[in-house]
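Novice: Dropping a prediction and its sequence here:
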Amino acid sequence: MAARERIKKNRLRGSLLANCLAHGRRQFTEVADSFPDECRYVLESLSAVYGFDAEAKERSLTVGERLTFHRTHSAPVMEDLRQWMDAQFAEHKTEPNSGLGKAISHLLRHWMKLTLLFRQQGAPLDNNIVERALKKAILHRNNALFYKMMNGARVGDLFMRLIHTCELNKVNPFDYLTELLRHPAEPHCTSGGVDAMELQARCNHRGRVITMVWLYGRKH
């Protein structure tokens, strides 16, 4: 099934489609040397929105509070940016076929999906966390070419998941895996809707005791 067809199918299930603001931002960074002043304004505006989102995370706002916070602080910044981009074309300040013009056109064309966070609770600014996870899988796929047996590949998958989960939780993967070997009796199996293994380890890292719990499904 093509990606477009999968997206259409998901929409029928009530999914909401949001575009990645980081991709839109990247188009301006690529032409910043040719249009420094214009790109600086766009990048600073987007940076302000990311700054507000970081503040919302630091304050541990609920999804509802985050929505209100972005509507109050980020929405005016983005509306000013949209009006500025409209003026670039309306007042013939920017050639639509130029690098800057194409970057502006991309944002305007996908504006509603790029600003979903002002209308939908929990909508992310970008897709970076998923793309980082995919890069881990792609890297592991290249390494997996050298596995000789299926069991070795399954073990490699397990370690890939563990290492990536450690990184997401800001835990040193080497310390975590070392503690697993030092405390082999602590992990235990649980039963439920799906088979899962709960791995717990205490990592003495820089004088701190870190407790981490990770769940993963096992394939049979």
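Specialist: Ah, there it is.

Novice: what packs against the longest helix that the chain contains?
Specialist: In the chain, assigned by DSSP state H, the helix with the most residues is helix 63-90. Taking 3 or more CB pairs under 8 Å, 6 or more residues apart in numbering; DSSP states H and E as the contact definition, the neighbouring helices and strands of helix 63-90 are helix 36-58, helix 99-109. Using the backbone N, CA and C atoms, a C-beta is placed for each residue, glycine as well.

Novice: Let's have the ones you listed in CSV, adding mean pLDDT and mean neighbour count.
Specialist: CSV is the format used below for those (pLDDT from 0 to 100; neighbours: other CB atoms under 10 Å):
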stretch, mean pLDDT, mean neighbour count
helix 36-58, 96, 15
helix 99-109, 96, 19
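
Novice: Tell me which of the ones you listed lies nearest to residue 172.
Specialist: Taking CB to CB as the criterion, residue 172 comes closest to helix 36-58 out of the helices and strands packed on helix 63-90, the separation being 22.4 Å.

Novice: How about the secondary structure of residue 124?
Specialist: Residue 124 falls in the coil class when you classify it by DSSP: H, G, I helix; E, B strand; the rest coil.

Novice: I'd say it and residue 18 touch.
Specialist: Yes. Checked against CB atoms under 8 Å, the pair residue 124 and residue 18 is within contact range at 6.9 Å.

Novice: sorry, back to before: of all the helices and strands packed on helix 63-90, which one is nearest residue 144?
Specialist: Between residue 144 and the helices and strands packed on helix 63-90, the shortest gap by CB to CB is with helix 36-58, which sits at 34.2 Å.

Novice: Just send the helices and strands packed on helix 63-90 back as JSON lines, with distance to residue 168 too.
Specialist: Converted to JSON lines, the helices and strands packed on helix 63-90 look like this (distance: least, CB to CB, whole Å):
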{"stretch": "helix 36-58", "distance to residue 168": "14"}
{"stretch": "helix 99-109", "distance to residue 168": "29"}
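
Novice: about what we covered before: who has more neighbours out of residue 124 and residue 18?
Specialist: A count of neighbours by other CB atoms under 10 Å puts residue 18 above the other of residue 124 and residue 18, at 19 against 15.

Novice: so that one sits in a strand?
Specialist: No. Assigned with three-state DSSP, residue 18 falls outside any strand and is coil.

Novice: Show me what stretch 109-118 is in contact with.
Specialist: Outside of stretch 109-118, the residues that reach it under the criterion CB atoms under 8 Å, 6 or more residues apart in numbering are 16-19, 21, 24, 53, 67, 70-71, 74-75, 78, 82, 107, 123-125.

Novice: mind redoing it with 6 Å?
Specialist: By CB atoms under 6 Å, 6 or more residues apart in numbering, the list of residues contacting stretch 109-118 from outside reads 17-19, 21, 70-71, 75, 78, 123.

Novice: List buried residues within those.
Specialist: Neighbour-count burial within those applies to 18-19, 21, 70, 75, 78, 123; the criterion is 16 or more other CB atoms under 10 Å.

Novice: Is it possible to get CSV of those residues that adds distance to residue 112 and pLDDT?
Specialist: Putting the buried ones among the contacts of stretch 109-118 into CSV (distance: CB to CB, whole Å; pLDDT from 0 to 100) gives the following:
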residue, distance to residue 112, pLDDT
18, 9, 84
19, 9, 88
21, 13, 93
70, 15, 96
75, 13, 96
78, 12, 97
123, 12, 91
